[in-house]
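# need coordinates for the below:
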Amino acid sequence: MEVQVYILDKLIDSAAIGVSPFATSALEVESMLKVVDGIDVCRGGPSLKDFPDVSPECAFVDCQKSLEEHNKCLLVTPGGLSVACVRASFDTLRIHADRRAARAKQGIPLKRFRLSVVPTQQQKLSALRHARSAVQRSRARLAKRNKLLWSSLQAAMKELTDLQEQDIKEKLKGFDIPPAQLLLIEECVSVARCASKTSRRYTDDWILLCLLLHIRSPATYSFLRTTIYCLCRALPQCEST
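Purely as a prediction, here's the structure:
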C-alpha cells in the first residue's frame, strides 16, 4: 500500500520525515502515524490581529490557526518555525503595513486587490493573473496600432484633399489606367473633398457607370451604354442627383 503524508493540504516528502512510502501491514501504518504525530510543524507567522489589513501575495491565511503562513513554508521544521514564516512575520508584513499606512496618509487609493489562497490554489491564481496581464498587453498594443492607423488615415485624407484635379490627371497619365477606373479614382478624390456626403452632386459618367455595373447581358450593356449616354447628354441635369 502506498503511503502519502499531507499537512495542511500540502504533500510532504516521506523520506524527509523518515517514513517509508509503502506499508505492508497494520503495524507499519501504526508506526508511521506515531512518526507523523511527533513531527514538528511550523506554527505559522504572525496573527491576523497584528496585521488585520495586510494580505501579501507571498503568504496565505491558515483559517484553523488564524495565522499568516508563507507560501514557501516547508511546514516540517526542527524548531517549529520555518525561515520563510519568520521573514513573513518580521519583514514582509511589516513593509506591507508601512506602505499601506503611507498610501492611506497620502490619500492614494488601492489599485490592486490581493487575494489570500492556499498553496494548492496559488498556481491557478498565478495563471489567471498572467492571462489578465496578457489581455491588458494585447489591448494596449491594439490601441496603439489603432492610433497609428488613424493618424495615417488622417494624413492620407489631408494629402488627398490638398491635391488638385489637374495634378491628379497628370500623375495618372503615365499609368495607362482604363477610363472606368480613372473615373472611379476621380470620384473617390471628389468624395474626400466633400464635407457633407448627402448634398453632393454626382457626374453623369459616374451615374451611368453605376447603372452599367448591375447589367449582366453584354448585348444589353452595349445597347444601354450608347443609348443612355446619348440621353444623358441631351437631357438637362437633375438637381437632386
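# backbone phi and psi for A23, please?
Per-residue torsions, A23: phi -130, psi 140 (degrees, to the nearest 10).
# A131: neighbouring residues, count only.
Using other Cβ atoms under 10 Å, A131 has 10 neighbouring residues. Glycine gets a C-beta too; all of them are placed from N, C-alpha and C.
# please report how far it lies from L125.
Separation of A131 from L125 (Cβ to Cβ, to the nearest Å): 11 Å.
# also Q4?
24 Å.
# out of those two, which sits in the busier spot?
Set side by side, Q4 and L125 show more neighbours around L125, with 13 against 9, by other Cβ under 10 Å.
# in terms of contact, does E28 touch S20 like I think?
Yes - between E28 and S20 there is a contact at 7.2 Å, judged by Cβ atoms under 8 Å.
# elements contacting the top helix by length along the chain?
If you go by DSSP state H, the chain has its longest helix at helix 119-162. Applying 3 or more Cβ pairs under 8 Å, 6 or more residues apart in numbering; DSSP states H and E, we find helix 119-162 packed against helix 179-193.
# let me see the ranges of the helices in this protein.
Going by DSSP H, the chain shows helices at 26-37, 83-87, 93-106, 119-162, 165-172, 179-193, 204-212, 218-234.
# right, so of those helices, which gets closest to D13?
helix 26-37 (12.6 Å; Cβ to Cβ).
# and the closest one, average pLDDT?
Helix 26-37 comes out with an average pLDDT of 76.
# using CSV, write down the CA coordinates of that helix.
Coordinates of each C-alpha in helix 26-37 appear next as CSV, following Å, rounded to 0.1, in the frame of the first residue of the first chain:
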residue,chain,number,x,y,z
ALA,A,26,-1.2,-2.5,10.1
LEU,A,27,1.8,-2.3,12.4
GLU,A,28,3.8,-0.4,9.9
VAL,A,29,0.9,2.0,9.4
GLU,A,30,0.6,2.5,13.2
SER,A,31,4.3,3.2,13.5
MET,A,32,4.1,5.7,10.6
LEU,A,33,1.3,7.5,12.4
LYS,A,34,3.4,7.8,15.5
VAL,A,35,6.2,9.3,13.5
VAL,A,36,3.9,11.8,11.8
ASP,A,37,2.4,12.6,15.2
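# other SSEs contacting it?
Partner elements for helix 26-37 (3+ Cβ pairs under 8 Å, 6+ apart): none found.
# neighbouring contacts of that helix?
Under the contact criterion Cβ atoms under 8 Å, 6 or more residues apart in numbering, helix 26-37 has outside partners M1, V3, V5, I17, G18, V19, S20, A23.
# most surrounded residue in these?
Result: V19 is most packed of the contacts of helix 26-37 (other Cβ under 10 Å), 21 neighbours.
# which residues are in contact with that one?
Counted by Cβ under 8 Å, 6+ apart, V19 has contacts V3, V5, M32, V35, V36.
# kindly recompute the last result at 10 Å.
V3, Q4, V5, I12, D13, E28, S31, M32, L33, V35, V36, I39 (Cβ atoms under 10 Å, 6 or more residues apart in numbering).
# the second one and F22, how far apart?
To F22, Q4 is 11 Å away according to Cβ to Cβ.
# any residues in contact with both of these two?
Joint contacts of Q4 and F22 (Cβ under 10 Å, 6+ apart) are S14.
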